[in-house]
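In: Fold the following and give me the result.
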Amino acid sequence: MHDSVAQAHHLIGARLRDPQRRSMGQVVGVDQTRDLPALLIIWEGQVTPARVPLSVRELHELVQACVIGRTISTDDAIDGANAVAESATRSGG
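Out: As a prediction, the model looks like this:
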């Protein structure tokens, strides 16, 4: 059975930066149907979403940072979400 990250829907619409591309992207979906979960992100200048795989732990941390960021709107929470996303995009491609 797959591990499931509760509240992953909070990531939909989140904007993340990718240091490799030096661009921003918007989360348009979260795929938890496979062994390795993934974010579906449309990067600036692209039309179709890219699948960015990440570990269940990374997805959980990203959800938590996003929920905190949306609740209290702190730069630290947004930076935390981006740090997790940057780690995931580096390791996942």
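
In: All the helices of the protein, in order from the start?
Out: In the chain, the segments counted as helices under DSSP state H are 56-72, 75-92.

In: Go through those and find the least confident stretch.
Out: Within the helices of the chain, the stretch with the lowest mean pLDDT is helix 75-92, showing a mean of 54.

In: the longest strand in this protein is where?
Out: strand 23-31 (DSSP state E).

In: Do I have it right that L59 meets P37?
Out: Yes - between L59 and P37 there is a contact at 4.9 Å, judged by Cβ atoms under 8 Å. Every residue, glycine included, has its C-beta placed from N, CA and C.

In: if I look at the two, which residues touch both of them?
Out: Residues touching both L59 and P37 (Cβ atoms under 8 Å, 6 or more residues apart in numbering): 5, 8, 30.

In: ok, now which ones touch I41?
Out: Counting by Cβ under 8 Å, 6+ apart, I41 makes contact with 16, 25-28, 49-50, 52.

In: Relative to V67, how far out is it?
Out: I41 sits 18 Å away from V67 when distances are taken as Cβ to Cβ, to the nearest Å.
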